[in-house]
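> here's a sequence, model it:
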Amino acid sequence: MTKHYKKKILLVDDDIEFRKAMARMFEKSGYIVYRASDGLEALDVLSAEEIDLVISDLRMPSLDGTELIVAIKRIGLSMPIIFVTAFGEVESYMDVMNLGAFKYVNKPVKANEILSIAKEALSEFGATGESGELFSSAVRAEIARLEIEIAEGRKKAEPEEVSLQVRFVAFCAAIAHGMKREFMHMGNSVKTVAELAGDRSDVCGQCGVIKNHVQRAESLLRNLHNHLTTGLPITVDFPEVIPEAEETKLELEIRCLQEEFKHIARSVNALLELSDVQSDMREQCGVIETGVGYSMFLLQRLQNYLEIDQPVITTVDVFEIIDRIEMLIRPRLPSKVELRIQFDCNKKEALVSANAEQLMMVLIELINNASDALRRKGGAIKFQLVERDEDTTISVKDNGPGIPRKRKANLFRKTSLSKSGHGLGLYLSKKVIDALRGDFDLKTSKKGTIITISLPKAAREEARNATN
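Next comes the predicted model:
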């Protein structure tokens, strides 16, 4: 029997009576409730507990709601955040919504309204579940404290160095968080297949093999993450300058993790080749396969940032890349976001000079960024491929609120502080496209953002050799 997981909600408000009333209401509805009187107390809770939803006041002492959401995003946590406030200011509303808040509700709050919004938020984002420790609580708490010290001007380190430390640790935390989610889904699917198999020893045996490799991958990820966040000297020259011994160790750790992903994929294929595998078993195997694919994408992001084991440029068919991206990304997009793919060419292939893994990483990164910008129903991402004489262009366009001018100026700086997330996605994407000898262009307005990359077509001789 599957154990029911109670969602965990963190209530943040300096009004003690309001906190008590809200806590009683959510506890009666079956939630586990944690309380904090301001942003600082909230960060203490977040460093110790895996919270599924944050409901916060906007105006508070010590650390207000806007500063809290900035800290949460920079730490790398991805739970929905709802603001409940007596201050219905348009500017405050725009600030928190642009920072990624799920909803902004004015007091007084009706019980059925806030319960409905909380249910909607948890449904769209999904719950953390009992997936274990996503990353070090000490690291999360330290990042949050570091952000506060930066804001208050108490940190003695150079601003660029501090900024890079914060962004890199948050970046690693986000990757660890993402992979842990995939491992949890893979583990659940393996368990389901084994239950469906009943007394079939061949299927159950193969499920055991997959389970062992998933557990091995989890262990390798913990070691890698600890090494990244505690064992590397982060200076303004990082990652261009990494001690040779550390780089060798990182290469080995990443390669071992890649091998485990390959073992999982081969084991799933072996399971599918068994006779009389039911359709519902095949469906669960598909979940495991996409989990492996998305984990490889996350690992590729890390490799690109660290400039470790860089792949070579070859001939790549963009159509094949898009097919793989669709399989990985569609199940992970929020239900309110529509992904439209358009090909402005009549060919069955579009060959460019690139690297498949790097190009996949960039395109998934751009789609994820566009999805993050879409917080209301009716959000759409248009993915367009156009072939020209000398190159092929791929554009990702969203109909979100656009990027504020101040943020746009710092998007591609390695050490700049951003107001949401770790801020490395576009920096990495542009870095990869530059290395592939392509162009990277961003245009934004209040009607949305469009990012276009252009890659050189593969030379005819090169393309012919690739197909032979």
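
> any buried residues in whichever strand or helix holds residue 212, and which?
Assessed by DSSP states H and E, residue 212 sits inside helix 201-230. By neighbour count with 16 or more other Cβ atoms under 10 Å, helix 201-230 contains the buried residues 203, 206-207, 209-211, 213-214, 216-218, 220-222, 224-225, 228-229. Using the backbone N, CA and C atoms, a C-beta is placed for each residue, glycine as well.

> OK, contacts around residue 368?
329, 425 (Cβ atoms under 8 Å, 6 or more residues apart in numbering).

> which element is it on?
helix 356-373.

> how far does the helix holding residue 212 sit from its chain's centre?
Remark: helix 201-230 is offset 20 Å from the chain centroid, using Cα atoms, centre = their mean, to the nearest Å.

> again, but for stretch 217-235
On Cα atoms, centre = their mean, the centre of stretch 217-235 falls 18 Å from the chain's centre.

> restrict it to CA atoms and write it as CSV.
C-alpha atoms of stretch 217-235 as CSV (Å, rounded to 0.1, in the frame of the first residue of the first chain):
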residue,chain,number,x,y,z
ALA,A,217,23.4,7.0,-8.9
GLU,A,218,21.9,8.6,-5.8
SER,A,219,25.0,7.8,-3.8
LEU,A,220,27.3,9.2,-6.5
LEU,A,221,25.2,12.3,-6.7
ARG,A,222,25.6,13.0,-3.0
ASN,A,223,29.3,12.6,-3.2
LEU,A,224,29.5,14.9,-6.3
HIS,A,225,27.3,17.5,-4.7
ASN,A,226,29.3,17.5,-1.5
HIS,A,227,32.6,17.9,-3.4
LEU,A,228,31.2,20.8,-5.5
THR,A,229,29.8,22.7,-2.5
THR,A,230,32.5,22.1,0.1
GLY,A,231,35.7,21.1,-1.7
LEU,A,232,36.3,23.6,-4.5
PRO,A,233,38.0,27.0,-4.1
ILE,A,234,35.6,29.5,-5.6
THR,A,235,37.4,32.6,-6.8
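
> residue contacts, residue 114?
Here residue 114 is in contact with 22, 25, 55, 82, 84, 105 (Cβ under 8 Å, 6+ apart).

> what strand or helix carries the fifth one?
I take that to be residue 84. Residue 84 belongs to strand 81-85, assigned by DSSP H and E.

> for the helix holding residue 212, packing partners?
helix 159-197, helix 244-272, helix 279-306 (3 or more Cβ pairs under 8 Å, 6 or more residues apart in numbering; DSSP states H and E).

> looking at this structure, which helix or strand is least sure?
None of the helices or strands of the chain scores lower by mean pLDDT, DSSP states H and E than helix 460-467, at a mean of 48.

> my guess is residue 77 contacts residue 100, does it?
No: Residue 77 is not in contact with residue 100 according to Cβ atoms under 8 Å; the separation is 11.0 Å.

> more crowded one of these two?
residue 77 (22 against 19; other Cβ atoms under 10 Å).

> and what about residue 312, helix, strand or coil?
In three-state terms, and counting by DSSP: H, G, I helix; E, B strand; the rest coil, residue 312 is coil.

> I figured it hits residue 356, correct?
No: counting by Cβ under 8 Å, residue 312 does not reach residue 356; the two are 10.8 Å apart.
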